[in-house]
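Asker: Show me the folded form of this:
(one chain, ligands or ions: 1)
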Amino acid sequence: MTQALRGNWNYPTTIWAGPGRIAELADACTRAGIARPLIVTDEGLVGSAMLKNALAALKNAALFGGVKGNPDSSHVEAGLRAYRAGDHDGVVAFGGGSALDAGKVVAFMSGQTRPLWDFEDIGDWWTRADPAGIAPVVAVPTTAGTGSEVGRAGVILNRETHQKKIIFHPQMMPRIVVLDAELTVGLPRAVTAATGIDAFVHCFEAFCAPGFHPLADGVALEGMRLIHRFLPRACADGGDIEARAQMLAAASMGATAFQKGLGGVHAIAHPVGSWFNTHHGLTNAVILPYVMTFNRHAIQDKTEIIARVLDLPARGYEGFFAWVLKMRSELGIPHALADIGVSADKAAIIGREAAIDPSAGGNPIPVDAAQLEHIFRAAVDGQIGAVVGAK
Ligand SMILES: [Zn+2]
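Answerer: Here you go, the predicted model:
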């Protein structure tokens, strides 16, 4: 069976998928042109068997394990110091979304002279970068959610402004991605659920985002079908390699699809994560049905299609919405933001920052700060019925 879960893909980048393929990490570095890799990883993975094996497999490699959840510029700066001190020539970004984002940004910044925030994803700011100063990246995800391994950006928190900034450059796309499901079998159930729903929200928001992009829509639909089928299995039995492999693929598919756009769920989740240091995937999982309720008028047709593709027992928006609530509760996701430590006292700021978050532009209905604040307040209280749908 594991042989059937193996594949080499070449979009949106080179992907080596299959259980056990971490054994090819040294080969991946060679192919990416990296002779002296810096492995950038999450604090929590330092000392793990998978990191020890990676270090042993790579000649001339060093480890930087100083990345925390919701990484900020201090993590990037510390990584850059390690990169320069070791005279590295590329990065192996190894871990969850935080490690992947931080590792990609370290590689990007390694040869730049301008400060980090000059490269925020605004207009053509990415053209300020010196492309020759961008080091290659090999990405090894150990969670199935963010999909950052196939993304061209890294989300970094600016602690001074409490804003998550998207640092973007087309060359930040990792050269090679190793999708090895065996690296995800030890993930606790709660993290599996939260990251898996993040991947679902990527597919869902991309599919519902306005604009002509049938490629993204097709990838998003299949991603949702896989997550519907395999996330409950991965949560029920973490050692289910088939479920883990399908989830890892679906996570990469979500981030591939959201080149089309995201929406209100991510627009609200970003400032909530910045202010309350909540887990990104968990925050999205809580917020999803509130934003759906607001968008209902604009997503009726699309949710009809999704319900059919997922082969849900009840069809249309109603059937899909009922399934979202059921899946969420079966996977142990809380219903209200208050349950994960978020309060309404920053509601006005959250609304304002959500409105200027780049994700807001992908919402199926144009949405302003007051409306986002309204949705956020309902999500804090757990009152879906309080959300007034847009017309
Ligand atoms: Zn996300």
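Asker: biggest helix in this structure, by residue count?
Answerer: helix 280-309 (DSSP state H).
Asker: List the buried residues in that one.
Answerer: Using 16 or more other Cβ atoms under 10 Å as the test for burial, helix 280-309 gives 280-296, 298-299, 302-303, 306-307. For every residue, glycine as well, the C-beta is placed using N, CA and C.
Asker: Could you do stretch 156-168 as well?
Answerer: So stretch 156-168, judged by 16+ other Cβ under 10 Å, has buried residues 156-157, 163-168.
Asker: And for stretch 27-39?
Answerer: Under the neighbour-count criterion of 16+ other Cβ under 10 Å, stretch 27-39 has 28-29, 32, 34, 36-39 buried.
Asker: Then stretch 260-278?
Answerer: 260-276, 278.
Asker: Check the offset of stretch 290-306 from the chain's centre.
Answerer: 22 Å (Cα atoms, centre = their mean, to the nearest Å).
Asker: To clarify, my last question referred to stretch 340-351.
Answerer: Between the centre of stretch 340-351 and the centre of its chain there are 22 Å (Cα atoms, centre = their mean).
Asker: do the same with stretch 75-95
Answerer: On Cα atoms, centre = their mean, the centre of stretch 75-95 falls 21 Å from that of its chain.
Asker: Equivalent analysis for stretch 185-196, please.
Answerer: 14 Å.
Asker: can you check stretch 13-28 too?
Answerer: 20 Å.
Asker: ends of it, how far apart?
Answerer: End-to-end distance of stretch 13-28 (Cα to Cα, to the nearest Å): 13 Å.
Asker: quick one: buried residues of it?
Answerer: Those would be 13-19, 21-22, 24-26, 28, for stretch 13-28 by 16+ other Cβ under 10 Å.
Asker: mind listing which of these are in helices?
Answerer: Of the buried residues of stretch 13-28, the ones assigned to helices by DSSP H are 25-26, 28.
Asker: give me the low-pLDDT residue ranges for the chain?
Answerer: Flagging of the chain using pLDDT under 70 yields the residue ranges 1-3.
Asker: For it, which segments are assigned as helices?
Answerer: 25-32, 49-57, 73-85, 97-109, 189-208, 214-236, 241-257, 264-276, 280-309, 316-330, 347-356, 369-381.
Asker: which of those helices sits most buried?
Answerer: helix 97-109 (a mean of 30; mean count of other Cβ atoms under 10 Å).
Asker: My read is that residue 146 contacts residue 266, right?
Answerer: No - in this structure residue 146 lies outside contact range of residue 266 using Cβ atoms under 8 Å: 11.4 Å.
Asker: still on that earlier bit, farthest-separated two in the buried residues of stretch 13-28?
Answerer: Farthest apart among these by Cβ to Cβ are 13 and 19. That separation is 20.2 Å.
Asker: most centrally placed residue in this protein?
Answerer: Nearest to the mean C-alpha position of the chain, by Cα atoms, centre = their mean, lies residue 146 at 1.9 Å.
Asker: I'd like the distance from that one to residue 389, if you could.
Answerer: Separation of residue 146 from residue 389 (Cβ to Cβ, to the nearest Å): 29 Å.
Asker: Next: residue 123.
Answerer: To residue 389, residue 123 is 33 Å away according to Cβ to Cβ.
Asker: out of those two, which sits in the busier spot?
Answerer: residue 389 (12 against 7; other Cβ atoms under 10 Å).
Asker: now the closest residue to that one other than its chain neighbours: how far from residue 324?
Answerer: In space, and not counting its chain neighbours, residue 389 is closest to residue 296: 4.8 Å by Cβ to Cβ, 6 or more residues apart in numbering. According to Cβ to Cβ, residue 296 stands 12 Å off from residue 324.
Asker: Could you do residue 279 as well?
Answerer: Separation of residue 279 from residue 324 (Cβ to Cβ) stands at 19 Å.
Asker: do residue 143 as well
Answerer: From residue 143 across to residue 324, the span is 21 Å (Cβ to Cβ).
Asker: and if you look at residue 150?
Answerer: 25 Å.
Asker: ok, residues contacting stretch 303-311?
Answerer: Stretch 303-311 has contacts (Cβ atoms under 8 Å, 6 or more residues apart in numbering) with 204, 207, 221, 224-225, 228, 292, 314-317, 319-321, 323.
Asker: The same query, at a cut-off of 7 Å, please.
Answerer: 207, 221, 224-225, 228, 315-317, 319-320 (Cβ atoms under 7 Å, 6 or more residues apart in numbering).
Asker: Next, format those as a markdown table and append distance to residue 250.
Answerer: What follows is the contacts of stretch 303-311, written out as a markdown table (distance: Cβ to Cβ, whole Å):
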| residue | distance to residue 250 |
| --- | --- |
| 207 | 13 |
| 221 | 11 |
| 224 | 8 |
| 225 | 9 |
| 228 | 10 |
| 315 | 22 |
| 316 | 24 |
| 317 | 23 |
| 319 | 21 |
| 320 | 17 |
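Asker: Of the residues you listed, which is the nearest to residue 95?
Answerer: residue 224 (25.2 Å).
Asker: Not including adjacent chain positions, what is the nearest residue to that closest one?
Answerer: Closest to residue 224 by Cβ to Cβ, 6+ apart is residue 203, at 4.7 Å.
Asker: what's near enough to touch the one you found?
Answerer: Neighbouring residues of residue 203 by Cβ under 7 Å, 6+ apart: 220, 223-224, 253-254, 257.
Asker: and with 10 Å instead?
Answerer: Residue 203 makes contact with 147, 216-217, 219-227, 250-251, 253-258, 306, according to Cβ atoms under 10 Å, 6 or more residues apart in numbering.
Asker: same question, residue 290
Answerer: 264-265, 268, 335-337, 374-384, 386-387.
Asker: Residue 237 now?
Answerer: Residue 237 is in contact with 185, 189, 243-244, counting by Cβ under 10 Å, 6+ apart.
Asker: please redo it, this time with the cut-off set to 6 Å
Answerer: By Cβ atoms under 6 Å, 6 or more residues apart in numbering, no residues touch residue 237.
Asker: For residue 129, what are phi and psi?
Answerer: Residue 129 adopts backbone torsions of phi -80, psi 150, taken as degrees, to the nearest 10.
Asker: Thanks a lot, catch you later.
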